[in-house]
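Novice: sequence first, predicted model second:
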Amino acid sequence: MGMGDDGRLKLDRMMSILVVLLRRERVRAKDLAEMFDVSVRTILRDVDAINFAGIPIVTYQGANGGIGIAEGYRLDKSVLTHDDMAAIITMLRGVSGTMPDARHDLLMEKLINTQSPAQQEILNFKSRQMVIDLSPWGGDGWVGDKLTAVRKAIGNLKVIEFTYIDTGGKRTHRSVEPCSVVLKGQKWYLYGWCRLRQDFRFFKLSRLRELKVLEETYNPKEVSVERLPGDNEWPTSDSMIQLRVVFEKEMEGIIDDWFGHEMVKDRDGKIMVTALLPENNWLYGFLLSFGTGVEVVSPPHIREILADIAQKIYKKYSQGT
């Protein structure tokens, strides 16, 4: 039987408590309760479970009392190699750039500070060999508040309400039981049970308006997001089209960033690309961003749409202000 959401939340909290205890000589149960937004009784139960798992916990009395790990005890880290730890730190830094979380910083500090000075030097050398930055150009700080609110709602099993704007500009009021937040293509999505559609749905966070976290709680439904949809299966209200375009040779350096191995050069040195993409305003703007360096081969209606947009753009700018 798999671990339920409550079990995962408890395990995450216990691991976080352990990290705090490893960093500090001792800490009060009341402070831990405030840190993790639970009762003192819950903290004491978690500490007992940590002690039962084999990590000796001692309770100190008096003015400077609190909870701490028995003196002389050291967590065995031999299971993690320098390469393992460098990989973990690299990934944590990458995620922290787009989703700030004190727990990520706490875990990185734990990994680094449990090493000797010589080991830290090796770890620093290995972790800087690859840098992952998932944050978009220009940043997306305005999504941060929504992300924080949704994650808190997920942790507390709270229902959320919001107005959602789809790609066509249509607004609908949604009541959702949030399950996960998903980073896909440098954009954050909410995955949860939509009461309007009576099914699990993905919602782009940037399209959420008037977000409210309700006091109403819910019983989480059985769901697995371990295997997210592939690019061709990603849920979208847009229709997917098979797009064939020809780029001028001088565009090769730019389109390699977008299509990579899918490029095929034709006899004139031009580059033919075939890709399955959602048809929406983003696609039209994406193709127009290449200017005269691209021509759509098919489908025909995309050619017509781009020609119409180009004419309107010309008309607007040729008339002056």
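Specialist: Yes, it's here. Numbering: from 1, shown residues only.
Novice: enumerate the positions of stretch 56-69 that are buried.
Specialist: Ile57, Gly66, Ile67, Gly68, Ile69 (16 or more other Cβ atoms under 10 Å). From N, CA and C alone the C-beta is placed, and that goes for glycine too.
Novice: as JSON lines, those with distance to Gly291 would be great.
Specialist: Formatted as JSON lines, those follow (distance: Cβ to Cβ, whole Å):
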{"residue": "Ile57", "distance to Gly291": "66"}
{"residue": "Gly66", "distance to Gly291": "65"}
{"residue": "Ile67", "distance to Gly291": "64"}
{"residue": "Gly68", "distance to Gly291": "65"}
{"residue": "Ile69", "distance to Gly291": "63"}
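Novice: between those, which is nearest Phe203?
Specialist: Comparing the buried residues of stretch 56-69 against Phe203 with Cβ to Cβ places Ile67 closest, at 40.6 Å.
Novice: longest strand in the protein, please.
Specialist: Assignment by DSSP state E gives strand 171-184 as the longest strand of the chain.
Novice: what's that one packed up against?
Specialist: helix 141-156, strand 158-165, strand 187-194, strand 199-204 (3 or more Cβ pairs under 8 Å, 6 or more residues apart in numbering; DSSP states H and E).
Novice: what packs against the first one?
Specialist: In other words, helix 141-156. Helix 141-156 packs on strand 158-165, strand 171-184, strand 187-194, strand 208-217, going by 3+ Cβ pairs under 8 Å, 6+ apart.
Novice: quickly run through the sheet partners of the first one, with directions.
Specialist: The strands that strand 158-165 pairs with in its sheet are strand 171-184 (antiparallel), strand 208-217 (antiparallel) (by DSSP bridges).
Novice: so what's the backbone phi/psi at Arg244?
Specialist: As for Arg244, its main-chain torsions (degrees, to the nearest 10) stand at phi -120, psi 120.
Novice: any idea of the pLDDT on the residue nearest to it when sequence neighbours are not counted?
Specialist: Closest residue to Arg244 apart from its sequence neighbours, by Cβ to Cβ, 6 or more residues apart in numbering: Val297 at 4.2 Å. On pLDDT, Val297 comes in at 91.
Novice: what about Val297, which SS state?
Specialist: Taken by DSSP: H, G, I helix; E, B strand; the rest coil, the conformation at Val297 corresponds to strand.
Novice: ok so, going back, most packed of the helices and strands packed on helix 141-156?
Specialist: Most buried of these, by mean neighbour count (mean count of other Cβ atoms under 10 Å): strand 187-194, with a mean of 21.
Novice: wait, Phe290 sits on Phe247?
Specialist: Yes - judged on Cβ atoms under 8 Å, Phe290 makes contact with Phe247 at a distance of 7.0 Å.
Novice: now the strands for the stretch 1-150 of the chain?
Specialist: Ranges of strands within the stretch 1-150 of the chain are 57-60, 66-69, based on DSSP state E, counting those that start in this stretch.
Novice: let's have the ones you listed in a markdown table, adding distance to Met240 and mean pLDDT.
Specialist: Listed next are the strands of the stretch 1-150 of the chain as a markdown table, based on distance: least, Cβ to Cβ, whole Å; pLDDT from 0 to 100:
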| stretch | distance to Met240 | mean pLDDT |
| --- | --- | --- |
| strand 57-60 | 55 | 85 |
| strand 66-69 | 54 | 86 |
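Novice: ok, which of the helices and strands packed on helix 141-156 comes nearest Lys265?
Specialist: The nearest among these, by Cβ to Cβ, is strand 171-184 at 30.5 Å.
Novice: who touches that closest one?
Specialist: 98-99, 134, 147, 150-151, 153-154, 158-166, 188-196, 200-203, 205, 209, 218, 220-221, 223, 225, 228, 234 (Cβ atoms under 8 Å, 6 or more residues apart in numbering).
Novice: tabulate the CA atom coordinates of the longest strand of the chain in CSV.
Specialist: Provided in CSV are the C-alpha atoms of strand 171-184 (Å, rounded to 0.1, in the frame of the first residue of the first chain):
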residue,chain,number,x,y,z
ARG,A,171,-13.4,33.6,-18.1
THR,A,172,-14.8,30.9,-15.9
HIS,A,173,-15.1,30.7,-12.1
ARG,A,174,-13.4,27.6,-10.8
SER,A,175,-13.4,25.8,-7.5
VAL,A,176,-10.4,23.4,-7.3
GLU,A,177,-9.0,20.8,-4.9
PRO,A,178,-5.3,21.5,-5.5
CYS,A,179,-2.9,18.5,-5.8
SER,A,180,0.4,19.7,-7.2
VAL,A,181,2.3,22.6,-8.8
VAL,A,182,4.1,21.7,-12.0
LEU,A,183,6.9,23.5,-13.8
LYS,A,184,6.6,22.9,-17.6
